[in-house]
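Participant: Okay, predicted coordinates and the sequence, questions at the end:
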4 protein chains.
Amino acid sequence: MSESSAPVQPHSGFADGLDCDGDTLREECGVFGIFGHPDASAVVALGLHALQHRGQEAAGIVSFDGEIFHSERRPGLVGDSFSDRSTIERLRGRSAIGHVRYSTTGGTILRNVQPLFAELAGGGLAVAHNGNLTNALSIRRDLVRDGAITQSTSDTEVILHLAARSRSPRIIERFIDALRQIEGAYALVALTNKKLIGARDPMGIRPLVLGELDGRYILASETCALDIIGAKFVRDVENGEIVVISEEGVESIRFAEVQSVRPCIFEYIYFARPDSIVNGKSVYAVRKNIGTELAREAPAAADIVVPVPDSGVPAALGFAQKTGIPFEMGIIRNHYVGRTFIQPTQSVRELGVRMKHSANRAAIEGKSIVLVDDSLVRGTTSVKIVRMMREAGAKAVHFRIASPPITYPDFYGIDTPEREKLLAATHDLEGMRQYIGADSLAFLSIGGLYRAMGEESRHEACPQYTDHCFTGDYPTSLTDLAIAGPRRLAMLAEAD
Amino acid sequence: MSESSAPVQPHSGFADGLDCDGDTLREECGVFGIFGHPDASAVVALGLHALQHRGQEAAGIVSFDGEIFHSERRPGLVGDSFSDRSTIERLRGRSAIGHVRYSTTGGTILRNVQPLFAELAGGGLAVAHNGNLTNALSIRRDLVRDGAITQSTSDTEVILHLAARSRSPRIIERFIDALRQIEGAYALVALTNKKLIGARDPMGIRPLVLGELDGRYILASETCALDIIGAKFVRDVENGEIVVISEEGVESIRFAEVQSVRPCIFEYIYFARPDSIVNGKSVYAVRKNIGTELAREAPAAADIVVPVPDSGVPAALGFAQKTGIPFEMGIIRNHYVGRTFIQPTQSVRELGVRMKHSANRAAIEGKSIVLVDDSLVRGTTSVKIVRMMREAGAKAVHFRIASPPITYPDFYGIDTPEREKLLAATHDLEGMRQYIGADSLAFLSIGGLYRAMGEESRHEACPQYTDHCFTGDYPTSLTDLAIAGPRRLAMLAEAD
Amino acid sequence: MSESSAPVQPHSGFADGLDCDGDTLREECGVFGIFGHPDASAVVALGLHALQHRGQEAAGIVSFDGEIFHSERRPGLVGDSFSDRSTIERLRGRSAIGHVRYSTTGGTILRNVQPLFAELAGGGLAVAHNGNLTNALSIRRDLVRDGAITQSTSDTEVILHLAARSRSPRIIERFIDALRQIEGAYALVALTNKKLIGARDPMGIRPLVLGELDGRYILASETCALDIIGAKFVRDVENGEIVVISEEGVESIRFAEVQSVRPCIFEYIYFARPDSIVNGKSVYAVRKNIGTELAREAPAAADIVVPVPDSGVPAALGFAQKTGIPFEMGIIRNHYVGRTFIQPTQSVRELGVRMKHSANRAAIEGKSIVLVDDSLVRGTTSVKIVRMMREAGAKAVHFRIASPPITYPDFYGIDTPEREKLLAATHDLEGMRQYIGADSLAFLSIGGLYRAMGEESRHEACPQYTDHCFTGDYPTSLTDLAIAGPRRLAMLAEAD
Amino acid sequence: MSESSAPVQPHSGFADGLDCDGDTLREECGVFGIFGHPDASAVVALGLHALQHRGQEAAGIVSFDGEIFHSERRPGLVGDSFSDRSTIERLRGRSAIGHVRYSTTGGTILRNVQPLFAELAGGGLAVAHNGNLTNALSIRRDLVRDGAITQSTSDTEVILHLAARSRSPRIIERFIDALRQIEGAYALVALTNKKLIGARDPMGIRPLVLGELDGRYILASETCALDIIGAKFVRDVENGEIVVISEEGVESIRFAEVQSVRPCIFEYIYFARPDSIVNGKSVYAVRKNIGTELAREAPAAADIVVPVPDSGVPAALGFAQKTGIPFEMGIIRNHYVGRTFIQPTQSVRELGVRMKHSANRAAIEGKSIVLVDDSLVRGTTSVKIVRMMREAGAKAVHFRIASPPITYPDFYGIDTPEREKLLAATHDLEGMRQYIGADSLAFLSIGGLYRAMGEESRHEACPQYTDHCFTGDYPTSLTDLAIAGPRRLAMLAEAD
């Protein structure tokens, strides 16, 4: 029970985060909540375990036992932190919400681990948030000017402050008052002393589903968290909708005017688990479709199709089935990962250690291969994998990317590098091919991506999905970015 | 870095604290700060080590390095938590403040460990507090009604909120605005990005001294924290005074109208270390005087004088020197204390285990003894010690208490039991003697106590010391008590 | 640095291990060693990371720095325990060996974590062992009778005692003396103050390979541990061979008379990583061949082929390619596993929680499926998976097992349940089908297995592989079993 | 449950221990055992708590539950490690023994923490040892030559090996066989599956007493461990005696031929707790006598007598009572000690930090003082204390040492510096006075010391006490020293 907090920052200076060579996209969070179950916290722990792919850094659960809220927030995996009887027993009560979050560079600050809790005039309010607000910095500045004390650097805390300052008498109204002031992407689950609340932003960028287990309602980021406990999927929470679950059942409130839903397309490409159904579509089926479209758009004469596991598997299967080229597990993934190994000396660094992926030489040697990966971010991993394929004896490496080129950063809860570090933002196709060292390189087109989603085409005026990373077409205004500029905003985000 | 927080409490319910058999008085805290020293945090750690007797539960240090505030707050002893190089190196900067706090029943909540920090509109403010506010609950209620989010149950947080909400432009003015709204006892050290601040309540109930080490100023609860590093004592911070230390030197501000100082008399009886000089008086000398007065008021025909160590030693020496009866260490104290031992079965409990004190039979056997203890709270320990003396062969036990009977609870930072558990509040002298099992029992009179302090007598209209535990004469209004009532207030305090 | 040891057992009583529902086979260990590398311990840590699938419970490294042996042994994953700079720096020296071991039920005893070390008359000897001795109990009994003190319950310690008691002057001779007294399966790496030693039992049951990195020799359980650091495969250590690596190079000693090699066939079916080459054969290729043979022996009319991931994937691919039925990832595996979740109440247990595998409904629904798993032990997992497939809408489930029925326990380092808990030992094929609930069930034949290995058939007189789990044909005598009987031996093994 | 072992040492090299500025003598250990009590382990934990002054580094308990031995060995204080219910409950059984050991420089090796346990041919044997063997190195060398594997560097393990190798059928006979081969000082408690055994070396150098609690027998290093649980003192275990406690009661066996008892005189001067009765004499009374003798031999004209607390208190009282000079607590001891503070920079080191003792200026200022300390080892602490007294205003400092000059090292379980670091071994009295900076300096004479013990004089031919530190008259042969030489022996001891 020791806290080693990161620097407490004054307005005049910020600790610069470590610049690690992160060549993946990372989702910020997963959320889960249940109302009226005798083992509420145990069920939340299981739901969070199923959502672990959405965040491995830390997890937290808040429960309400009819009188008192209980809270446990810990670094590490759900299965390590929330699997013992005593922890679950401390989290007494029939209603509970939980949260998993991703692993940041540098030290984690426990007070940023969610759910957050505040005592409002009308009672307690706990909130867990998946997404990112685009005007949190601006609001926080106003709040501080007005005498608020902020404890975390989390944008979620802003929601609590806005609810606390609302003049509405009922908590639910205070919560809506808060939502009406924030911009960005959010799937929220919240717990009061009477209710479990779910809310999804006006565009429905981040996912949230309503489920049911023996008559008790559940909220979760993905359907796979319903499946783990055998709960039934009821429906998606809609964009701009608040779902209020109480002893009286489920009430739906629209807090934002009606507009078209525009979910984040990256959930299908990378984030969601393949067995989840997101906004009514099977993630696995979409990914296989992507492979089919990719085979159609950019076929290759090759002996085998090899996925970069695990995320490249469904698209590679689609590619293989479409082309008839045999699918082979030419790369083996090491699933036992702990902390990153220190490579103490230059001589070890030069070994070019293959920590996560290794070549399956027996499958690769002497073959011309189609290599399928889900996306291309910085390209540093791709360079290593192509080289590994060649060292294992591949005759030719045709690299196929199961998404369009990423050319813009995200501000809605996906951790993307700065624009100048995105390979596709600074290189043309041939430049990327040379950098990566592949014999050929192709991306899925944006049209192909929409076809894989079952759409005829992208509606340019009003796109069906949030796809700004490929198009630069951001779905909301970016207030903080306009005020702070990209570099400073990144620093603030690092500090989070 | 794992947090297991105690219950988060709604307005409608409170977790009832464990009722342990605490038969001592406990000070809430000790504070220390230094400005402009190259090893500020190392010096603070040493200062807190010297103040460890004022709180053993947890310790914290906040430093400022010119740009950023750094914070470490940990359970346990200073010597365990703040003695390693890496911790001290993380607490960079030339100014730092620190805090030790006492051990509560039940689990400790790290977010209550001080110093507390808040980002105000004009910059950061860290505060460490020794004492207790008597209107914190009332203020907190107003703050929550007005939309503030409170993170800890500490009354110190109220000061931060009041400063945050002040409309004054400068931090020091905001700090004074806050002090003008609070009631009770406080010795505060605070750190901003430019200044080290000390403040003492309008009655000067809790102690605070100004020291100096090679031209750098220090604030500390007691002079023993100056001595450990060879710093010079400059003067006491006065009641109702703010001392502001900056690159320009020391500035003194009076924030409260002039009134007589009225320090807590318990610092002399029990809390302060015997080698400290509190408000200009040697604690050791006062305690010896108390022994002398006690010998004059309540002599006893005995073979030896035996102190209950360690706090009873100086008074016993005074008693022995006054009467000429030999002083003997008839009770040995075990200084190796960890967590309380579990006594798993009835058979072990019945052993009447002597964890802390044991009889020195060779000194006691066949002797008539005068037993000197500093104070009498519940009396449970006294019962055990008298019985232990008899079992070791004492012919007679004359119990002498080096303070008057405690008949009223404290609300200024001393952890006293409820009134009905104070032995002297429910028994007359003969009843107490019988309960304790002594052959005779005597307390120091209130007049004797004031004489030991060097006063001719207690000024009834305007007492020279805060002595309500003996007299019921509280120095300030008790706003929260009036609102909440004693039982509820105790529950709130337990939750702290 | 706290040790909570399991019961210390007298001859007269044994603590009974927990009977958990382990429905998998578990390898005991993996070993790795390197000689003469400036970053020996860092390289060992990487090698152990690549061998992590052979044991996740604990890991240890011993290094020699020219004067002193250094040792670190810890519970948990290599990537958690041996990835920090300070640990690796403590393990100074240019030669080091390491060990990973599997997760037992109940508490782990650190003194059983390897490598073990002993100070012999001629110098220190550290040993890491993969395998199990079949006469360790008998030898230990003799040793204790003769005045030896045994510290661990590990059979590996017996080797150290035998070497210590040898009258040969040189350590290598003492080591050989020891090997000549033991029976069973072992791949050993050992470290002295001059040499790195590898040894493989006379049948070559457990695997061990010799590799080379920039002129420095390496010993490892599998080639995947060479690949992670880019080392070259030199050759397998042969059965009955000791390989002695020193500044003078590699020396080979035959300590056992020549007999046919007879490696454990389970390495191909389940234990080894698919990218490893074991005894000259690609594990991945063998597994695909198994799928092909299985398709030939037991085809099924189905819509899709679904592997139980990850181990069932290659055989399922072989099956799919042979039959032309599409391969689909119909089951998703959750790779984030911590400690087993406590399921506090009956209501949670009844949820039938899917911790590790979940159905990919979009791929399964309405389909007739061929389900391919690597082996069938108790069958409890298979029951759950078949039920999960049906609940996800599978029309029919044809279960195909990529190995013959397991009807005998192992005594060579594989953790098998008692015979009466092996489903195939107590049920006929139809009985198993009914128990599992599949529409059809088929195992690979023993002939098919040997064909998949590239053999024409099993040589009944002198089998090419150790395959007693399928045939009851144990390759060595089972001395301890004869003495102690199966139940008692199991208890001793549990205590290990 | 992680082990970071210190270097494993080959014959050819030894890790050099840190040379810390230890200016105290340290006892190696305390032991405790009880037979036939329903809460045996809880009672042992309490007994060890009372013996905590004999060793603060680590503690261990082994119990026997009728079938199985249970063991817990942990670093730190008994009150931290053995006060929780679950630990005590794991240590099941009606008989148990325990051990506390002192704090060494550098890291502790848990496998050296006692009690040690071995499985002998006739059953288990657990041993806890206070003292040190003077031929352990020689025996160990023979054992290793003869094929024994030694796990710890503890000399106690030698006893287990000798017992294991004995050809006697019964454990008690094996134990006696072992004792007959060892030289040096030992108070042992041992536990078998039937008996609790106590043994004291032929000179009775280290103390051991027999006690009784409600008919159950207890063995303990000091009587204060009986007092904590209200047990009765029965008698001292005699020199050369084995006490065997079983269901049949207490049996006494003499394993060594009769010779005069010669207990270590340092138990009275420094080690034992003042409330203990050692070999029939009150430690407190002896210390007061020492003060009286010191006052007679070396009086001083002074205003006050000041002890160096806590160990100097009784002698100072004796001095004060004899001379009539008032006794004052002129030095205050800080009892809150954790790990040693790191003093990160020169500027902090130069503060001359007073971590443990501080001057009570109010008592000292302007006074001529007699300063009484228990012994003088290196003198470094004395220098600081004299300087501290002068800085607090002492007019004159007359230093009186309550023991003779220490001029020889110990080899019987007291941790003394090498001879050249003993101040009295390299300086004459005037040289020491100048080094320390006192106005006068005097030691107790050896004759005075014996008079304080109640003897008329020291019997030069056959001294009544083990007093070689003052006289060089070692009670036993020093076999290892003769073989290894002092420097090497010290290194071996450091490695322990």
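Facilitator: Perfect, I can see it now.
Participant: for the longest helix along chain A, packing partners?
Facilitator: Using DSSP state H to define each element, chain A has its longest helix at helix A:283-297. Packed against helix A:283-297 by the contact rule (3 or more CB pairs under 8 Å, 6 or more residues apart in numbering or on different chains; DSSP states H and E) you find helix A:313-323, helix A:446-452, helix C:361-364. Every C-beta, even on glycine, is put in place using the N, C-alpha and C of the backbone.
Participant: and the angle for the longest one with helix C:313-323?
Facilitator: Read that as helix A:313-323. 10 degrees (axes from the mean of the first three to the mean of the last three CA atoms, to 10 degrees).
Participant: Mind telling me what element the closest residue to chain D within chain A is part of?
Facilitator: Chain D sits closest to A:Ser86 of chain A, with a gap of 11.0 Å, by CB to the nearest CB. Using DSSP states H and E, the element containing A:Ser86 is helix A:85-90.
Participant: do that helix and chain B meet at all?
Facilitator: Yes: among the residues of helix A:85-90, A:87, A:90 lie within reach of chain B under CB under 8 Å from any CB of the partner chain.
Participant: could you dump that helix to CSV, C-alpha only?
Facilitator: Taking C-alpha atoms only, helix A:85-90 is exported to CSV below (Å, rounded to 0.1, in the frame of the first residue of the first chain):
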residue,chain,number,x,y,z
ARG,A,85,-11.6,-14.4,-2.7
SER,A,86,-10.7,-11.7,-0.2
THR,A,87,-10.5,-9.0,-2.8
ILE,A,88,-13.9,-9.9,-4.2
GLU,A,89,-15.4,-10.2,-0.8
ARG,A,90,-14.2,-6.7,0.1
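Participant: Next, see if it gets close to chain C.
Facilitator: Yes: among the residues of helix A:85-90, A:85, A:88-89 lie within reach of chain C under CB under 8 Å from any CB.
Participant: Now the stretch 351-496 of chain A against chain C: closest residue?
Facilitator: For the stretch 351-496 of chain A, CB to the nearest CB, closest residue to chain C: A:Ala362, 3.2 Å.
Participant: Contact partners for the spatially closest residue to that residue that is not a sequence neighbour?
Facilitator: Once flanking residues are discounted, A:Ala362 sits nearest to C:Ser282: 3.2 Å by CB to CB, 6 or more residues apart in numbering or on different chains. By CB atoms under 8 Å, 6 or more residues apart in numbering or on different chains, the residues touching C:Ser282 are A:361-363.
Participant: so what pLDDT did C:Ser282 get?
Facilitator: Model confidence at C:Ser282, given as pLDDT, is 98.
Participant: try A:Arg85
Facilitator: At A:Arg85, pLDDT is 85.
Participant: That one - how many residues pack around it?
Facilitator: Residues lying near A:Arg85 (other CB atoms under 10 Å in any protein chain shown) number 12.
Participant: got the domain boundaries for chain A?
Facilitator: A:26-262, A:278-333+A:355-472 (automatic domain parsing).
Participant: any idea which of these is most buried?
Facilitator: For those, average neighbour numbers computed from mean count of other CB atoms under 10 Å in any protein chain shown are highest in domain A:26-262, which has a mean of 22.
Participant: For the stretch 351-496 of chain A, what lies in contact range of chain D?
Facilitator: Going by CB under 8 Å from any CB, none of the residues of the stretch 351-496 of chain A are near chain D.
Participant: hey, where'd the helices end up in the stretch 351-496 of chain A?
Facilitator: Taking DSSP state H, counting those that start in this stretch, the helices of the stretch 351-496 of chain A run over residues A:361-364, A:380-391, A:423-426, A:429-436, A:446-452, A:468-471, A:479-484, A:486-495.
Participant: Including mean pLDDT, could those helices go into TSV?
Facilitator: Listed next are the helices of the stretch 351-496 of chain A as TSV, based on pLDDT from 0 to 100:
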stretch	mean pLDDT
helix A:361-364	96
helix A:380-391	94
helix A:423-426	96
helix A:429-436	98
helix A:446-452	98
helix A:468-471	96
helix A:479-484	83
helix A:486-495	52
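Participant: To A:His99, which of the ones you listed lies closest?
Facilitator: helix A:486-495 (18.1 Å; CB to CB).
Participant: picking that back up, elements contacting the helix holding A:Ser86?
Facilitator: helix A:40-50, strand A:69-75.
Participant: rank the ones you listed by pLDDT, which is bottom?
Facilitator: strand A:69-75 (a mean of 91).
Participant: show me the contacts for A:Pro115.
Facilitator: Contacts of A:Pro115 by CB under 8 Å, 6+ apart are A:60-62, A:71, A:73, A:97-99, A:126-128, A:191.
Participant: That one and chain B, how far apart?
Facilitator: For A:Pro115, the distance to chain B equals 10 Å [CB to the nearest CB, to the nearest Å].
Participant: try A:Ile406
Facilitator: According to CB to the nearest CB, A:Ile406 stands 33 Å off from chain B.
Participant: A:Asp303 touches A:Ser368, doesn't it?
Facilitator: Yes: the criterion here is CB atoms under 8 Å, and A:Asp303 meets it with A:Ser368 at 4.9 Å.
Participant: joint contacts of these two?
Facilitator: A:Lys395.
Participant: now the helix or strand just after the helix holding A:Ser86 and strand A:69-75, what's the angle there?
Facilitator: For helix A:85-90, the succeeding helix or strand toward the C-terminus, using DSSP H and E, is strand A:95-101. With the same axes, to 10 degrees defining the directions, strand A:95-101 sits at 20 degrees from strand A:69-75.
Participant: Would strand A:95-101 count as contacting chain C?
Facilitator: No: on the criterion CB under 8 Å from any CB, strand A:95-101 is out of touch with chain C, staying 9.6 Å away.
Participant: How far away from the center of its chain is that strand?
Facilitator: Here the centre of strand A:95-101 is set off from its chain's centre by 15 Å, with CA atoms, centre = their mean, to the nearest Å.
Participant: again with stretch A:200-212
Facilitator: Worked out by CA atoms, centre = their mean, stretch A:200-212 lies 13 Å from the chain centre.
Participant: And chain C, is it touching that?
Facilitator: No: Stretch A:200-212 does not reach chain C (CB under 8 Å from any CB); its nearest approach is 12.7 Å.
Participant: what's the straight distance from one end of that stretch to the other?
Facilitator: With CA to CA, to the nearest Å as the measure, stretch A:200-212 spans 18 Å from end to end.
Participant: now that stretch: mean pLDDT?
Facilitator: Here the average pLDDT along stretch A:200-212 is 97.
Participant: Mean pLDDT per helix and strand in chain A: which one sits at the bottom?
Facilitator: Lowest on mean pLDDT, DSSP states H and E among the helices and strands of chain A sits strand A:3-4, with a mean of 40.
Participant: who touches the longest helix of chain A?
Facilitator: A:267-269, A:272-277, A:314-323, A:372, A:400-403, A:442, A:444-445, A:448-449, A:451-454, C:329, C:360, C:362-363.
Participant: and the next element down the chain from it?
Facilitator: Next in line after helix A:283-297, if elements are assigned by DSSP H and E, sits strand A:304-307.
Participant: Summarise which helices and strands that following strand is packed against.
Facilitator: Short answer (3+ CB pairs under 8 Å, 6+ apart): strand A:304-307 packs on helix A:313-323, helix A:361-364, strand A:368-373.
Participant: Now distance to A:Glu173 too, for the ones you listed, in TSV please.
Facilitator: Output for the helices and strands packed on strand A:304-307, formatted as TSV (distance: least, CB to CB, whole Å):
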stretch	distance to A:Glu173
helix A:313-323	44
helix A:361-364	61
strand A:368-373	47
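Participant: Out of the ones you listed, which gets nearest to D:Asp177?
Facilitator: helix A:361-364 (62.1 Å).
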